[in-house]
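1. let's see this in three dimensions:
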Amino acid sequence: MKKLYFPIILFLFTFCIYAQQPKSVSFESLETISNDSLKKLAISYRFKNSSKAKIYASELYNRAKLDKKLRYDASHINALIFNILEKKDSAHHFIDIAINEAQKSNNKRGYVNSLQLKGNIYYQADSYDEASEIYVEVYKLIKEEDDIDKIVEIRHNMSLVKTEIGQTKQAIALAKKNLALYTDGVLNKENQPTKYINTLINVNNIYIHLADNFRKYKTQYLDSAEIYNTEALKKSVALNDLEGHSMLLSMKGMILQRRGNLENALVTFKAAEKQIKKLGFNNQLYMLYQLEGKNFFLQKEYDEAIDYLLKVDSIIGQNNTNSPTTQETYTLLAQCYEKKNNKELALKYHKIYEEKDKQNDIFKRKVSENIYKKYDIPAFEETIKKLESTSEKAQLKSKALIYVCLILFFVISLGFWYYKNREQNQKNRFQHVIKELKEMELAQQKKIEPYVVTDENVRKIIEGLDKFEAKKLFLQKKCTLNYVAKKINTNSTYLSKTLQTHKQKKFVQYITDLRLNYALSQLKNDKKFRTYDIKSIASELGFNTSESFSKAFKKRTGIYPSFYIKNLNKLKGNEGNL
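-> Numbers count the residues shown, from 1 in each chain. Predicted coordinates for the structure are as follows:
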C-alpha cells in the first residue's frame with residue numbers, strides 16, 4: 001500500500017502551530033469579528049468544517065484589499081484552506097500572492113512558510129518532483145540559521161516523498177531522526193503534541209511500507225508499526241485529535257490485514273469509515289475505500305471489492321491523480337473481473353495498471369535522482385561543515401563523527417550507484433532472456449532431425465522423454481525419478497544414465513530446466529498467467545514453494561520472476577509484440 005493519508009499528515013505537522021481552537025465558536029456576523037479572531041477561526045475550522053473556514057478566510061482577504069498589513073496572512077491562510085478543499089488552482093493563486101507579499105516586505109519567516117506550503121500543495125497533487133524541488137529550496141534557506149523546527153518539518157516532508165518513491169529505508173531513517181528529538185527531550189512532546197502524533201503516524205506508516213517491501217522481515221516491521229500505532233492512538237484520544245485518530249484507525253486495519261486477520265481488519269476499516277464520514281474528513285475516504293476493496297478481494301468477495309474499488313477509480317478521475325499508491329486499485333479490479341470471468345473488463349484494467357506503472361517508474365527515477373543530488377548530498381555536506389567549524393577542543397571530540405559522516409556519505413553514494421547499476425543490469429538480463437527465449441521458440445518451430453541412437457533401450461527412453469515433455473508431465477509436483485521412469489516404461493538407473501549421457505544433465509536439473517523453460521514461455525505469452533502471484537505460479541509449475549521457484553529462476557536468468565513479469569507487462573503491444 002502506498003500513499004496512506006500523507007497529505008493530511010503533512011498539513012497537521014506543518015501547521016499545527018495554528019491549532020489552538022476556541023472552546024466555543026458562534027458563527028456571528030462577520031463584521032463584528034476582529035482580524036486576529038478571523039485568522040484563528042479560519043485555521044481552527046480548516047479540517048472540521050473547511051467550508052466554514054473558507055468563509056472566514058474570504059472575509060479576511062476582503063479586508064486585506066484595504067489593509068496591506070493583512071495581505072500576507074490573508075493570502076497564506078486562503079491558500080491553506082483551498083488546498084484542503086482540493087482547489088489546487090486557487091491554492092496556487094493565493095500562495096503565489098503570499099510569497100510575493102513576503103518578498104516585498106522582507107518577511108523571511110513568512111517567505112519560508114509560504115514556500116513550504118507551496119511544496120505541500122504540489123505534494124498533495126502528486127507532483128512530487130515540483131514538491132521536492134521546493135522543499136530543497138526551503139532547506140537551503142533554513143540550514144544556515146540552524147532552525148530546528150523548520151529542519152524537522154523539511155525532514156518530515158522529505159520522508160513522505162521518499163516513501164512515495166519507494167525509498168522506505170531512507171524514509172524511516174529521516175522519520176526516526178525526528179522521533180529521537182522528542183524521545184531525547186530536544187523537542188517537547190507536551191508543547192508540540194500534534195507534531196509528535198504526526199511523527200508517530202509517519203513512522204507507523206513507513207513500517208507498514210517496509211513490511212510490504214521486505215517480506216523477509218514482514219513480522220518484525222508489522223510489530224514495530226503496531227507499537228507506534230498503539231502509542232499514537234492513545235495520544236490522539238488524549239488530545240482529542242479526531243483527524244489523526246481516524247487515520248490511525250485505518251492504519252490499525254492495515255496492520256491486521258497484512259497479518260491475515262481480515263475479519264477484524266474490516267471491522268476496523270468500517271469504524272474508521274463511520275468516523276471519517278461523521279466528521280467530514282472526505283479527503284481520507286478514497287484510500288480507505290481502496291483498503292476496504294482490497295480486504296473484500298482477499299476474502300474472495302469480488303462483487304463487494306469491485307464496488308469499493310470503482311469508488312476509488314471515480315475519485316481518482318475527479319481529482320486527476322496518478323500516485324503509485326492508487327495504481328494498485330487497477331490491478332485489484334483486473335483480478336476481480338478475471339475471477340468473475342469478465343475478460344473484457346479485466347483486460348481494460350490491466351492496461352490502465354500497466355500505463356500507470358510505466359508513468360510512475362519514470363517519475364520515481366526522476367524524483368529519486370533530484371532528491372539525491374539536491375538534498376541528500378548537501379545534507380551530509382552541511383553536517384560535515386558544522387562539525388569542522390567547532391572549536392579546536394570540540395573538533396578533537398567530533399573527529400570520529402566527521403569520519404562516520406564521510407563513511408556514511410560514501411556508503412550512500414556507493415549505494416545509489418549500485419542501485420542504478422543493478423537496475424540497468426537487471427534490464428539487460430531481461431532483454432537477454434527475451435532474446436534467448438525467442439531463439440528457443442524459433443528453433444522449436446523448425447523441423448528437427450530425429451535423434452539417432454544405436455542402443456535400442458536408450459532410443460526408447462529418449463522417445464519416452466519426448467512424449468513426457470510434450471504432455472508437460474514435468475509440471476506434476478510428484479515428478480520424481482521413479483515417477484518418470486515408470487511413465488516411460490524403464491527403470492530409474494537407465495533413465496538417470498541416459499539423461500547424463502545424452503542430455504548432459506542430472507535428473508533434478510533436467511526437470512527444473514523444463515519447468516523454467518515453460519515458465520519463461522508461458523509468462524511471456526499468457527497474460528492471465530502473469531496476473532497470478534508468485535506462490536500460485538510456483539505451484540502451477542510443480543515447485544513445492546515460491547522460494548525454491550524464485551531461487552531457481554534467479555539462478556537461471558539472473559533476475560527474479562517478479563522483475564521478469566513486471567517488465568513483460570511494460571512491453572508495448574503485450575502478447576502481440578513480445
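
2. what's the spacing between Lys48 and Thr531?
-> 43 Å (C-beta to C-beta, to the nearest Å). Using the backbone N, CA and C atoms, a C-beta is placed for each residue, glycine as well.

3. same question, Leu210
-> 25 Å.

4. and these two? Which one has more around it.
-> Leu210 (21 against 18; other C-beta atoms under 10 Å).

5. now do the SS call for Asn191.
-> Three-state call for Asn191 (DSSP: H, G, I helix; E, B strand; the rest coil): coil.

6. ok, it - how many residues close by?
-> The tally of other residues near Asn191 (other C-beta under 10 Å) stands at 8.

7. do Val237 as well
-> 13.

8. mind listing what's buried in the strand or helix carrying Leu568?
-> Assigned by DSSP states H and E, Leu568 belongs to helix 561-570. The neighbour-count check on helix 561-570 (16 or more other C-beta atoms under 10 Å) flags Pro561, Phe563, Tyr564, Ile565, Lys566, Asn567, Leu568, Asn569 as buried.

9. with stretch 351-358 instead?
-> Buried-residue list, stretch 351-358, by 16+ other C-beta under 10 Å: Ile352, Tyr353, Glu354, Lys356, Asp357.

10. next one: stretch 333-351
-> Neighbour counts over stretch 333-351 (16+ other C-beta under 10 Å) mark Leu333, Ala334, Gln335, Cys336, Tyr337, Glu338, Asn342, Ala346, Leu347, Tyr349, His350 as buried.

11. okay, the fifth one and Tyr349: tell me how far apart.
-> Spelled out, that is Tyr337. Separation of Tyr337 from Tyr349 (C-beta to C-beta): 7 Å.

12. just the fourth one next, same as before
-> With distances defined as C-beta to C-beta, the gap from Cys336 to Tyr349 amounts to 8 Å.

13. the third one too?
-> Using C-beta to C-beta, we find Gln335 at a distance of 9 Å from Tyr349.

14. my guess is Ile352 contacts Glu328. True?
-> No - with contacts counted by C-beta atoms under 8 Å, Ile352 stays clear of Glu328, the gap being 11.6 Å.

15. quick one: low-confidence parts of this protein?
-> 1-28, 281-283, 319-324, 360-406, 408-427, 430, 433, 437-455, 571-578 (pLDDT under 70).

16. cutoff 50 now
-> When residues are selected by pLDDT under 50, those of the chain lie in 1-8, 11-27, 377, 380-381, 384, 387-388, 391-393, 447-453, 572-578.

17. could you chop it up by domain?
-> 1-165, 380-429, 456-577 (automatic domain parsing).

18. in CSV, list these along with distance to Arg259.
-> Putting those into CSV (distance: least, C-beta to C-beta, whole Å) gives the following:
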stretch, distance to Arg259
domain 1-165, 14
domain 380-429, 30
domain 456-577, 17
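
19. nearest to Glu301 among those would be which one?
-> domain 456-577 (18.3 Å; C-beta to C-beta).

20. in TSV: the buried residues of helix 561-570, plus distance to Ile84.
-> As requested, the buried residues of helix 561-570 are arranged in TSV below (distance: C-beta to C-beta, whole Å):
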residue	distance to Ile84
Pro561	43
Phe563	40
Tyr564	43
Ile565	39
Lys566	36
Asn567	39
Leu568	41
Asn569	36
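
21. farthest pair in those?
-> Distance extremes for the buried residues of helix 561-570: the farthest pair is Pro561 and Asn569 at 12.6 Å, using C-beta to C-beta.

22. please enumerate the helices of the stretch 201-350 of the chain.
-> For the stretch 201-350 of the chain, helices defined by DSSP state H, counting those that start in this stretch occupy the ranges 218-239, 242-258, 262-279, 285-298, 302-319, 328-339, 343-371.

23. any chance of those in TSV with distance to Ala552 as columns?
-> Below are those laid out as TSV (distance: least, C-beta to C-beta, whole Å):
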stretch	distance to Ala552
helix 218-239	23
helix 242-258	27
helix 262-279	32
helix 285-298	28
helix 302-319	33
helix 328-339	26
helix 343-371	26
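
24. element containing the closest residue to Ile99 other than its chain neighbours?
-> Leaving aside its chain neighbours, Ile99 sits nearest to Ser114 (4.8 Å; criterion: C-beta to C-beta, 6 or more residues apart in numbering). Using DSSP H and E, Ser114 sits within helix 108-124.

25. any idea how far Asp89 lies from Asp73?
-> Asp89 is 21 Å from Asp73, by C-beta to C-beta.

26. ok, Gly558 next?
-> With C-beta to C-beta as the criterion, Gly558 and Asp73 are 59 Å apart.

27. neighbour-wise, which of those two wins?
-> Legend: neighbour count by other C-beta under 10 Å for Gly558 and Asp73, higher for Asp73 (21 against 15).
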